[in-house]
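**Student:** Have a look; sequence and predicted model below, questions after that.
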Amino acid sequence: MTSSLRDLKVYTTYPHRCSYLEGEEATTLFIDPRQPVDQTLYSNLSLLGFRRSGNHIYRPHCSHCNACIPARIPVADFKPNRAQRRCLRRNRDLDVRSCKSIASDEAYELYDRYIRARHADGDMYPPDRDQFESFLNNPWGCTEYLEFRDDGRLVAIAVADLMLDGLSAIYTFYDPDEEARSPGRFAILWQVEHCRTRQLPYVYLGYWIRNCRKMAYKADYQPLEVLVGNQWQRDPEGLIESY
């Protein structure tokens, strides 16, 4: 069923307000939503810097800006720094399990609290059940919902897509009262170790954007590979390591 990348139809949006950089306009390239997608095609598109949001596979396609840089963690070479080791110790008490569905009141209530507390100025505010399920759904049967629980109480959920060469970290949301645990950081560290156990080479983090505070955390996971000129490289200009 996998199609050749050359045969795919793509569409671009009209320029619209950039969600990441104030005062900038963005254009987005989308794969035809009618295109059948399987794990192999999805993995190949990820290698070209595409991401998923709900049923849509997209990539920035801005005419005057290339600030969105695809980034991934090479699992075999990653070693947690001091702050990350502290985070791992703080969260040793959490139980983690993988689920195949996110359609529960418990999950949505956690998402609702997270968006209201952390992203009241963002595009996903106010939270909405339909938007929640369409954004984080499982369109092609390769999504894992990782639940982090403290003695049964839901602390965080990380949404990750299993691809042929690793995990794509789609989104993490958590209990705002558990900020001291650094749940978002722990979710990425857990996915790295999960890939190591399964002998998968990469964790894909989406786009690193130098002047976007919300994306700055990705620079903490060293070494980081970035997609430059359609080739994955170890931060060739030292932009991320010096950030």
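**Tutor:** Happy to help now that I have it.

**Student:** Show me how the record splits this structure into domains.
**Tutor:** The chain resolves into domains spanning 5-67, 71-103+140-233 when parsed by automatic domain parsing.

**Student:** next helix or strand past the biggest strand by length in the chain?
**Tutor:** Criterion DSSP state E: the longest strand present in the chain is strand 153-163. Using DSSP states H and E, the helix or strand that follows strand 153-163 in sequence is strand 166-174.

**Student:** Now that next one: average pLDDT?
**Tutor:** On average, the pLDDT along strand 166-174 is 97.

**Student:** Stretch 199-213 now?
**Tutor:** Averaging pLDDT along stretch 199-213 yields 94.

**Student:** can you give me how far that stretch is from the chain middle?
**Tutor:** Stretch 199-213 has its C-alpha centroid displaced from the chain centroid by 7 Å (Cα atoms, centre = their mean, to the nearest Å).

**Student:** Pass me the low-pLDDT residue ranges in the chain, would you?
**Tutor:** Applying pLDDT under 70 to the chain flags the ranges 1-4, 236-243.

**Student:** Please, where are all the strands along it?
**Tutor:** Counting by DSSP E, the strands of the chain are 10-12, 16-17, 25-26, 28-31, 51-53, 56-60, 69-74, 95-99, 143-150, 153-163, 166-174, 202-208, 225-228, 231-233.

**Student:** Of these, which is nearest Ala219?
**Tutor:** Ala219 lies closest, by Cβ to Cβ, to one member of the strands of the chain: strand 202-208, at 6.6 Å. The C-beta positions use only the backbone N, C-alpha and C, and glycine is treated the same way.

**Student:** relative orientation of that closest one and strand 56-60 in degrees?
**Tutor:** 60 degrees (axes from the mean of the first three to the mean of the last three Cα atoms, to 10 degrees).

**Student:** Okay, now the sheet partners of strand 202-208, with direction.
**Tutor:** Sheet pairing of strand 202-208 (DSSP bridges) gives strand 69-74 (antiparallel), strand 166-174 (parallel).

**Student:** Can I get the domains of the chain in TSV including distance to Phe132 and mean neighbour count?
**Tutor:** As requested, the domains of the chain are exported to TSV (distance: least, Cβ to Cβ, whole Å; neighbours: other Cβ atoms under 10 Å):
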stretch	distance to Phe132	mean neighbour count
domain 5-67	10	15
domain 71-103+140-233	8	17
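
**Student:** To Ser134, which of those domains lies closest?
**Tutor:** Across the domains of the chain, Ser134 has its closest neighbour in domain 5-67 (4.8 Å, Cβ to Cβ).

**Student:** Compute the first-to-last residue distance for that closest one.
**Tutor:** By Cα to Cα, to the nearest Å, the extent of domain 5-67 from end to end equals 24 Å.

**Student:** Report the distance from that domain to the chain centre.
**Tutor:** With Cα atoms, centre = their mean as the basis, domain 5-67 stands 14 Å off its chain's centre.

**Student:** before we move on, what about stretch 158-171?
**Tutor:** Centroid separation for stretch 158-171 versus its chain: 7 Å, with Cα atoms, centre = their mean.

**Student:** ok, residues contacting that stretch?
**Tutor:** Stretch 158-171 is touched from outside by 39-40, 42-43, 46-47, 51-52, 72, 75, 102, 135-136, 142-146, 148, 172, 187-188, 190-191, 194-195, 200-206, with contacts defined as Cβ atoms under 8 Å, 6 or more residues apart in numbering.

**Student:** hang on, the earlier thing: could I get the domains of the chain as JSON lines with distance to Asp130?
**Tutor:** Shown next, in JSON lines, are those (distance: least, Cβ to Cβ, whole Å):
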{"stretch": "domain 5-67", "distance to Asp130": "11"}
{"stretch": "domain 71-103+140-233", "distance to Asp130": "11"}
